[in-house]
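Novice: Provide a 3D model corresponding to the input given below.
(chains A, B, C, D, E and F)
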Amino acid sequence: MSDAKKFMYINRKAPYGTIYAWESLEVVLIGAAFDQEVSLAFVDDGVYQLMKGQDTTEVGIKNFSPTYSALGDYDVNKIYIEKESLEARGLTLDDLQHLVWEDEDEDWAEKDSIRVVTSAELAELFDTQDVVLSF
Amino acid sequence: MSDAKKFMYINRKAPYGTIYAWESLEVVLIGAAFDQEVSLAFVDDGVYQLMKGQDTTEVGIKNFSPTYSALGDYDVNKIYIEKESLEARGLTLDDLQHLVWEDEDEDWAEKDSIRVVTSAELAELFDTQDVVLSF
Amino acid sequence: MSILHTVNKSTYERDTLEACVRLAAKGGSVLLIEDGVYSAMSGGSKSSVIDNAKGDLNFYVLGPDIKARGLSEDRLIDGVKVVDYKGFVELTVENDTVSAWL
Amino acid sequence: MSILHTVNKSTYERDTLEACVRLAAKGGSVLLIEDGVYSAMSGGSKSSVIDNAKGDLNFYVLGPDIKARGLSEDRLIDGVKVVDYKGFVELTVENDTVSAWL
Amino acid sequence: MKISVQVSEGPYNHEASITAINYIKAAIEAGHEIFRVFFYHDGVNNGTKLASPPQDDVNIQKTWSELAAAHNIDLVVCVAAAQRRGIVDQGEMERNGKDAMNIMDGFRISGLGQLIEAGIESDRLVVFGD
Amino acid sequence: MKISVQVSEGPYNHEASITAINYIKAAIEAGHEIFRVFFYHDGVNNGTKLASPPQDDVNIQKTWSELAAAHNIDLVVCVAAAQRRGIVDQGEMERNGKDAMNIMDGFRISGLGQLIEAGIESDRLVVFGD
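Specialist: Residues are numbered from 1 along each chain as shown, chains lettered A, B, ... in the order given. As a prediction, this is how the structure comes out:
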């Protein structure tokens, strides 16, 4: 039995208006070195973090959205998006970045990291976590 | 015609959870020395600022609610409370502090500072202001 | 497993409590702290959030935060229990995980 | 008199835009900035806030904040106009007062 | 036109500082005068000289300082808010018996009256916050 | 039980610091061990020694320092968040060429790994924020 703890990062805030989205991602990247079981959940305005085509040039701040595509390389490949939050905002999976990871056990086959789940499924998942960090 | 500007302070935040309510009151008290036409509006969770019987002893922070009763002495006596915000929270005027001022022109007769107004009345009032500060 | 959820914002101002209630598994506990305590008052247009969820979740409010805001325990939604900081600590110990809804 | 109202929070997260719309006098202008721009997207469950108010108020969004968030102008609610920072300044000048809804 | 600006949140944590900077640049470009920028609440934290943000991101505190120098803008940090949060100039350091100061070039610490005065003297007061 | 705490907002502006302090005091009183307090986002501003809050209000920064001294609590300020916001110790001062430091007694600056470690080593991690 593994000693690893289950870490869940819940992201509920939109990017850029506040720094929580970006500083949350910084925690995830550092945390990836610790060999724990990591999941990310994007709910409510947090789903906006993964919007395609972000361009911060005119605002003049750092565009950190490309960093999400590096998550797979850090073995962070359990990314849950709440269906209800997407739908409430008139969004579909096509509006979001396509995040993938390569499965070492299957000859580095490329697989999707993102799973769209219902509130009920997410609630069950939360209930199995050891550490929940909410941003 | 007076050179005084009309200043409106809109208070939308509950006290203690954040400092905006208290630091807003500090602006009002300093601003009172400037001989402008001052009004205060309490809307949404801002109406909670005036709740009677606040006691911060167990939290261990400063209870600033007694300061509201000093507003009359600073000639700040136009205090508007949005009816719809009170009602949505199940509150009535009886739940709030009774704020008064003394009218110099009527032999220091004590008068109510608080007026409960509808959203529509408040909207008209906002429209006549020169400077609006929102906290 | 059981989770203690904390909510620190008024449900009139933010979507936090509704998110918590939607995503908390049945049997979990919700502790309202700071401006979250306003959501536990009866007679308001959003008292229904807790009223509708209290069959599935256990609701608590932090007493010191209630008193600071001049709220009366008499007017709490039926079934909401009051705890002090000591009770807050006990709730974190009794549950397996603490999840802050921010 | 005319007022320029600014709103910087998403109507999914906070009550700010609804407060602004309720308390803004007819003929006023509302500029959505920062996370406020999400409220201007069509097809969402809260797009109705602007849809219902746009007969009485003029709505604008800050273009740089739209682009930063990967939102497309095509999907803005009909009638919402896009301005840049220069346009923001022009709106403050054209109106008599600026009111930030925080 | 004479415009004043209030900034109510600290740098980085909220977009308020950035939006204020971009707004001010556009206002200056359009020929308007910035009468004053008043930093209140956590906004006082814009006035620290001790920050070292990552090279690949904007340096907000330094940008304020450069804006002030280039366009002679009056950047005022509220003294009451600054005392709660630890923004200190020479005078505050001496008055409060501190052994260091952290105010950035181009900022000054003063009272809330400066905000009211900005409201009276300016044609517009524009607030950026949370 | 071993408990760690994360504080995500600065002092005074939000109640988070105060709730965290009251929670920690109650936990210690109940016999629990505070493994670490990690300050993130604007929470790093709890660690300044330059504040002089009004006499009639709580001194949050000093209260942290006294708590740490009395109960040997590990108060860790996130270095990345601190660099953006200007919280500086001796090492950071030298590394970034600053001429002053402002870290409060009892706080230390370290990396985000300290938060993850707190999550791993503690029985509970309790977060206070906005």
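
Novice: Would you map the strands across chain A?
Specialist: A:6-11, A:37-42, A:79-82, A:100-103, A:109-112, A:114-117, A:131-134 (DSSP state E).

Novice: Buried ones in stretch A:32-48, by neighbour count?
Specialist: A:32, A:36, A:38-48 (16 or more other Cβ atoms under 10 Å in any protein chain shown). C-beta: built from backbone N, CA, C; applies to glycine.

Novice: ditto for stretch A:9-26
Specialist: A:9-26.

Novice: average pLDDT for stretch A:38-46?
Specialist: Mean per-residue pLDDT for stretch A:38-46: 98.

Novice: Ok, stretch E:59-73 next?
Specialist: For stretch E:59-73, mean pLDDT is 98.

Novice: CA-only coordinates of it in PDB, if you can.
Specialist: Extracted as PDB, the C-alpha positions of stretch E:59-73 are listed here (Å, rounded to 0.1, in the frame of the first residue of the first chain):
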ATOM      1  CA  ASN E  59       7.100  45.000 -12.100                       C
ATOM      2  CA  ILE E  60       4.000  46.900 -10.800                       C
ATOM      3  CA  GLN E  61       5.700  48.800  -8.000                       C
ATOM      4  CA  LYS E  62       8.500  50.000 -10.300                       C
ATOM      5  CA  THR E  63       6.000  50.900 -13.000                       C
ATOM      6  CA  TRP E  64       4.200  53.300 -10.600                       C
ATOM      7  CA  SER E  65       7.500  54.900  -9.700                       C
ATOM      8  CA  GLU E  66       8.400  55.400 -13.300                       C
ATOM      9  CA  LEU E  67       5.000  56.700 -14.200                       C
ATOM     10  CA  ALA E  68       5.300  59.200 -11.400                       C
ATOM     11  CA  ALA E  69       8.800  60.300 -12.500                       C
ATOM     12  CA  ALA E  70       7.800  60.600 -16.200                       C
ATOM     13  CA  HIS E  71       4.600  62.600 -15.700                       C
ATOM     14  CA  ASN E  72       5.000  64.200 -12.300                       C
ATOM     15  CA  ILE E  73       2.100  62.300 -10.800                       C
END
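
Novice: Check whether that stretch comes near chain A.
Specialist: No: on the criterion Cβ under 8 Å from any Cβ of the partner chain, stretch E:59-73 is out of touch with chain A, staying 8.7 Å away.

Novice: Can you give me the buried ones in that stretch?
Specialist: Going by neighbour count (16+ other Cβ under 10 Å), the buried part of stretch E:59-73 is E:59-65, E:67-68, E:73.

Novice: So what touches the helix or strand harbouring E:Gln83?
Specialist: E:Gln83 is part of helix E:79-85, with elements assigned from DSSP states H and E. Residues outside helix E:79-85 that contact it (Cβ atoms under 8 Å, 6 or more residues apart in numbering or on different chains) are B:23, B:26, E:39-45, E:47, E:88, E:92, E:96, E:109-112, F:10-13, F:45, F:48, F:51-54.

Novice: Give the other helices and strands that the next helix or strand after that helix contacts.
Specialist: Later in the chain than helix E:79-85, the nearest helix or strand by DSSP H and E is helix E:90-95. On a contact count with 3 or more Cβ pairs under 8 Å, 6 or more residues apart in numbering or on different chains; DSSP states H and E, helix E:90-95 meets helix E:79-85.

Novice: related to what we said a few turns ago, of the buried residues of stretch A:9-26, which ones also sit close to chain E?
Specialist: A:16-19.

Novice: before we move on, back to that, and the strands of chain A: which comes nearest A:Asp94?
Specialist: Nearest to A:Asp94, of all the strands of chain A, is strand A:114-117, at 11.5 Å by Cβ to Cβ.

Novice: What pairs with that closest one, parallel or antiparallel?
Specialist: Strand A:114-117 pairs in its sheet with strand A:79-82 (parallel), by DSSP bridges.

Novice: For A:Thr92, give me its contacts.
Specialist: Taking Cβ under 8 Å, 6+ apart as the test, what A:Thr92 contacts is A:Leu86.

Novice: what's the distance between it and A:Met51?
Specialist: 12 Å (Cβ to Cβ, to the nearest Å).

Novice: Let me know how buried A:Glu102 is, in neighbour terms.
Specialist: A:Glu102 has 14 neighbours, counted by other Cβ atoms under 10 Å in any protein chain shown.

Novice: and if you look at A:Ala109?
Specialist: Per other Cβ under 10 Å, the neighbour tally for A:Ala109 reads 11.

Novice: In space, what's closest to it - neighbours in sequence excluded?
Specialist: Spatial nearest neighbour of A:Ala109, chain neighbours left out: A:Asp103 (5.0 Å); criterion: Cβ to Cβ, 6 or more residues apart in numbering or on different chains.

Novice: just so I know, which of the strands of chain A lies nearest B:Gly60?
Specialist: Relative to B:Gly60, the nearest member of the strands of chain A by Cβ to Cβ is strand A:131-134, separated by 25.4 Å.

Novice: Tell me where chain C has helices.
Specialist: C:16-23, C:48-53, C:63-68, C:85-94 (DSSP state H).

Novice: outside of the second one, which residues touch it?
Specialist: In other words, helix C:48-53. Contact with helix C:48-53 is made by C:11, C:17-18, C:21, C:30, C:39-40, C:59, C:77, C:80, as judged by Cβ under 8 Å, 6+ apart.

Novice: Is chain E within reach of stretch A:127-135?
Specialist: No: counting by Cβ under 8 Å from any Cβ, chain E is not contacted by stretch A:127-135; separation bottoms out at 12.1 Å.

Novice: where are the low-confidence patches of chain A?
Specialist: Applying pLDDT under 70 to chain A flags residues A:1-2.

Novice: Quick one: name the residues of it near chain C.
Specialist: Within chain A, the residues that sit near chain C (Cβ under 8 Å from any Cβ) are A:10, A:12-13, A:20, A:43-44, A:82, A:84, A:119, A:122-124, A:126-132, A:134-135.

Novice: Helices - which of those residues land there?
Specialist: The helices, defined by DSSP H, take in A:20, A:84, A:119, A:122-124, A:126 from the residues of chain A next to chain C.

Novice: Now the two most distant members of those.
Specialist: So, these by Cβ to Cβ: farthest apart are A:Tyr20 and A:Glu124, at 25.1 Å.

Novice: ok, E:Lys62 to E:Gly47 distance?
Specialist: Taking Cβ to Cβ, one finds E:Lys62 at 11 Å from E:Gly47.

Novice: Mind listing the shared neighbours of these two?
Specialist: With Cβ under 8 Å, 6+ apart, E:Lys62 and E:Gly47 have common neighbours E:Met104.

Novice: export the buried residues of stretch A:32-48 to CSV and tack on distance to C:Ser48?
Specialist: Formatted as CSV, those follow (distance: Cβ to Cβ, whole Å):
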residue, distance to C:Ser48
A:Ala32, 41
A:Gln36, 39
A:Val38, 36
A:Ser39, 31
A:Leu40, 31
A:Ala41, 26
A:Phe42, 27
A:Val43, 21
A:Asp44, 19
A:Asp45, 23
A:Gly46, 25
A:Val47, 26
A:Tyr48, 28
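
Novice: Tell me who's in contact with the nearest residue to C:Pro64 once chain neighbours are set aside.
Specialist: Nearest residue to C:Pro64, sequence neighbours excluded (Cβ to Cβ, 6+ apart): B:Glu58, at 3.6 Å. Going by Cβ under 8 Å, 6+ apart, B:Glu58 touches C:63-64, C:67-68, C:84.

Novice: returning to what we had before: most neighbours among the ones in helices among the residues of chain A next to chain C, which one is it?
Specialist: A:Tyr20 (25 neighbours).

Novice: could I get the helices of chain C as CSV with mean neighbour count and mean pLDDT?
Specialist: Below are the helices of chain C laid out as CSV (neighbours: other Cβ atoms under 10 Å in any protein chain shown; pLDDT from 0 to 100):
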stretch, mean neighbour count, mean pLDDT
helix C:16-23, 24, 98
helix C:48-53, 16, 98
helix C:63-68, 24, 98
helix C:85-94, 19, 98
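
Novice: I'd like the ones you listed as TSV, with distance to F:Asp130 appended.
Specialist: Converted to TSV, those look like this (distance: least, Cβ to Cβ, whole Å):
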stretch	distance to F:Asp130
helix C:16-23	10
helix C:48-53	20
helix C:63-68	15
helix C:85-94	19
